[in-house]
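Student: No sequence on hand, only this structure:
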């Protein structure tokens, strides 16, 4: 499935897809200092698009930029309109949205500070990140040999482009070893997250998830915690080792791209088919992003694709 669309929003205006280009000497391309978000729009009951947690994603985008000392030339409201304008121009209600902020061409070197800052928004049709079968039946994961960044080695709460080299290498390793995804441990050996997802483990009706210390504070993660609490299910934000995954009744991953993806096997230890808690979270989440759960209503775009 390709990522082509009709238009991309770049620095305040729509440009044709083929004209959305940057210079090869753009600073971010060389050093990785830039920030991005992943957002989804879902079809709503009236046929319009509904962007889930749009404001929360854009707030995190700007927070990430602030942490990286990037002086973003657009406000939250302008970036929000940029996302909506891109959806309208491409006639999409069911799609993935990628806003990105990066340093352009100018000075080179680690100390460069005056390069222009560019903002872009792209949209594309992206199905189930870890596959349709993964959503239905669960995926196989392995503990990675790559360690999640130490809490003080990077800005763990920021969604920074360069951070994902760590995740890409871990994902490559897992796939080459015959698995679908990797689980990354922190510097102390505790479970952190997947390469692009947060993680939950269930045992005896209690759900636990790593605290937001050395992981990205996922927006889907927060939504899932809210879903569980609405259902009266106990949630513990705590550190634990990978052995807890080996004896868990259920394990699942969460993220904007991954949504709620069950895990059926960890390091060749069987977890089993998706359990009742996982299925309940999946169902409420999908109902919510589709506009059927009052407290989870997406931001309605007010336009309907032809």
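Tutor: Okay, I see it. The structure displayed is predicted, hence computed values, not measured ones.
Student: Could you give the separation between the terminal residues of stretch 10-22?
Tutor: Length of stretch 10-22, first residue to last, CA to CA, to the nearest Å: 10 Å.
Student: Let's verify the closest residue to residue 296 other than its chain neighbours: helix, strand, or coil?
Tutor: Once flanking residues are discounted, residue 296 sits nearest to residue 288: 3.1 Å by CB to CB, 6 or more residues apart in numbering. In this view, the C-beta of every residue, glycine as well, is placed from N, C-alpha and C. The assignment at residue 288 comes out as helix when based on DSSP: H, G, I helix; E, B strand; the rest coil.
Student: helix or strand for the residue lying farthest from the centre of the chain, which one?
Tutor: Residue farthest from the centre of the chain, counting by CA atoms, centre = their mean, is residue 107 at 31.0 Å. Using DSSP states H and E, residue 107 sits within no helix or strand.
Student: Check the gap between it and residue 25 for me.
Tutor: To residue 25, residue 107 is 10 Å away according to CB to CB, to the nearest Å.
Student: Kindly report the same for residue 206.
Tutor: Distance of residue 206 to residue 25, given as CB to CB: 52 Å.
Student: for the protein, what spans make up the helices?
Tutor: 27-31, 54-67, 76-90, 132-137, 164-176, 219-230, 243-246, 276-289 (DSSP state H).
Student: Among those helices, which one carries the weakest average confidence?
Tutor: Confidence, taken as mean pLDDT, is least for helix 132-137 of those (a mean of 92).
Student: Packing partners of that one?
Tutor: For helix 132-137, the contact count by 3 or more CB pairs under 8 Å, 6 or more residues apart in numbering; DSSP states H and E identifies strand 259-266 as packing neighbours.
Student: Chain neighbours aside, what residue packs nearest to residue 236?
Tutor: residue 208 (4.3 Å).
Student: Give me the distance between the one you found and residue 250.
Tutor: Distance from residue 208 to residue 250, by CB to CB: 11 Å.
Student: picking up where we left off before, residues in contact with the residue nearest to residue 236?
Tutor: Neighbour list for residue 208: 200-202, 235-238, 240, 244 [criterion: CB atoms under 8 Å, 6 or more residues apart in numbering].
Student: So what pairs up with it in the strands?
Tutor: For residue 208, the beta-bridge partners are residue 201, residue 236 (DSSP bridges).
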